[in-house]
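Peer 1: Can you look at this prediction? I've put the sequence above it.
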Amino acid sequence: MNEAFTFSIKRIRFDEHYHPSENTRITTNFANLARGKSRQENLRNTLRMIDNRFNALAHWDNPTADRYAVELEIISVEMGVDEGHGGHAVPLIEVLKTTIVDRKTNERIEGIVGNNFSSYVRDYDFSVVLLGHNQGKPEFSTPDNFGDLHGKLFKQFVSSKAYADHFNKPPVICLSVSSSRTYHRTENHHPVLGVEYEQDQYSLTDEYFQKMGLKVRYFMPSNSVAPLAFYFSGDLLGDYTTLELVSTISTMDTFQKIYRPEIYNANSAAGKCYQPSLKHQDYSLTLIVYDREERSRLAVEQGRFVEEHFIKPYQATLEQWSAHCTL
């Protein structure tokens, strides 16, 4: 059944001139920034924050803290379903790809693909399936096989020829830690990723990404105030270079300061025992305009979109494929 699916990849530069296409998920973090009258100032300030953070972390042989710049590409993945039998391509996921520009050597260095992660099917799972399953119930629970289809689709993409043709390393996704869990600081300290945190129980997001074949570790880099969750396959510390890791930290630490200022732009750093909270009041706002309430509302709308245009029309194909998928 694997031949029922094909993947195609589109790249678009994320810079101050970026305009979301009609096919881009409007809940995507970077698309949200690029809308409205503040769009160009938003984008310019975001990119400047990323560059400044990168140079602060990559401080060796960088006395004026301006040696490096980070270029970003939005990677949009479409999946063709039963194209030989009248099917069509549907948008699947969007991630970011970093490229590091060394102004001293004029070298362009491959960064990491992944970073931000957006998925129509994940919107459907969390904003349609999960909400519907728990509506009117006194205790929260997850439905049977929650996230199974999405996990298999993601693993199918990462193992595809399309992925191998474009990228030479597995993805790393970097997200916020969960406000429903408590994290404990360890004695482990990485030169770039910073101090490692651990928790006793995975969050729902951790379990969801585990079905995508991704493990998780939590690190708080230097001059950050909260740990980030890094989702990866393989060896996070051994498979990626220092500059690759710095590119992900600088990009996602910046985005989290914009989207989760209560956690990542707090005025005090996480302690030995840390529980993130979006109700925290002692934090600073960036100069970047972002509508979090709109994003939450649109996630439901886009979950309904994928239900109507993907899940229901191809339900039989998806169920048959998933039953035989061994990834």
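Peer 2: Noted; the coordinates are in hand.
Peer 1: what ranges of the stretch 51-200 of the chain fall below the confidence cut-off?
Peer 2: Under the criterion pLDDT under 70, the flagged ranges of the stretch 51-200 of the chain are 82-87.
Peer 1: ranges for the strands of it?
Peer 2: Using DSSP state E, counting those that start in this stretch, the strands found in the stretch 51-200 of the chain span residues 68-81, 89-102, 107-119, 172-176, 183-190, 194-198.
Peer 1: any idea which of those is most buried?
Peer 2: Highest mean neighbour count among the strands of the stretch 51-200 of the chain (mean count of other Cβ atoms under 10 Å): strand 172-176, with a mean of 22. (C-beta placed from N, C-alpha, C; glycine too.)
Peer 1: and it, what other elements does it pack with?
Peer 2: Applying 3 or more Cβ pairs under 8 Å, 6 or more residues apart in numbering; DSSP states H and E, one finds that strand 172-176 makes contact with strand 107-119, strand 228-232, helix 242-259.
Peer 1: got the end-to-end distance for stretch 50-69?
Peer 2: 8 Å (Cα to Cα, to the nearest Å).
Peer 1: sorry, back to before: could I get the helices and strands packed on strand 172-176 as TSV with distance to residue 135?
Peer 2: Output for these, formatted as TSV (distance: least, Cβ to Cβ, whole Å):
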stretch	distance to residue 135
strand 107-119	22
strand 228-232	28
helix 242-259	27
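Peer 1: Quick check: which of these is nearest to residue 63?
Peer 2: When the helices and strands packed on strand 172-176 are compared by Cβ to Cβ, helix 242-259 sits nearest residue 63, at 17.0 Å.
Peer 1: contacting residues for residue 119?
Peer 2: Residues near residue 119 by Cβ atoms under 8 Å, 6 or more residues apart in numbering: 92-94, 150, 154.
Peer 1: how does it look with 10 Å?
Peer 2: 25, 28, 77, 91-95, 125-126, 150, 153-154, 212, 302, 306 (Cβ atoms under 10 Å, 6 or more residues apart in numbering).
Peer 1: now do residue 53
Peer 2: When contacts are counted by Cβ under 10 Å, 6+ apart, residue 53 touches 70, 221, 223-224, 246, 249-254, 257.
Peer 1: Is there a quick ChimeraX command that grabs whichever of those are buried?
Peer 2: In ChimeraX, this line selects whichever of those come out buried by 16 or more other Cβ atoms under 10 Å:
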select :70,221,224,246,249,250,251,252,253,254,257
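Peer 1: Which single one of the contacts of residue 53 is nearest to residue 326?
Peer 2: For the contacts of residue 53, the nearest to residue 326 is residue 252 (32.1 Å; Cβ to Cβ).
Peer 1: The closest one - nearest residue in space that isn't next to it in sequence?
Peer 2: Spatially, and ignoring its direct neighbours in sequence, residue 252 is nearest to residue 174 (3.9 Å; Cβ to Cβ, 6 or more residues apart in numbering).
Peer 1: for residue 191, same thing?
Peer 2: Setting aside the residues directly before and after it, residue 191 is nearest to residue 242 in space (Cβ to Cβ, 6+ apart), at 7.5 Å.
Peer 1: So what's the residue count around that neighbour?
Peer 2: 14 (other Cβ atoms under 10 Å).
Peer 1: And it, how close does it get to residue 224?
Peer 2: Taken as Cβ to Cβ, to the nearest Å, the spacing of residue 242 relative to residue 224 amounts to 17 Å.
Peer 1: Please apply the same query to residue 47.
Peer 2: Per Cβ to Cβ, residue 47 is found 19 Å from residue 224.
Peer 1: same check, this time on residue 11
Peer 2: For residue 11 relative to residue 224 (Cβ to Cβ), the value is 29 Å.
Peer 1: With that, I have no additional questions.
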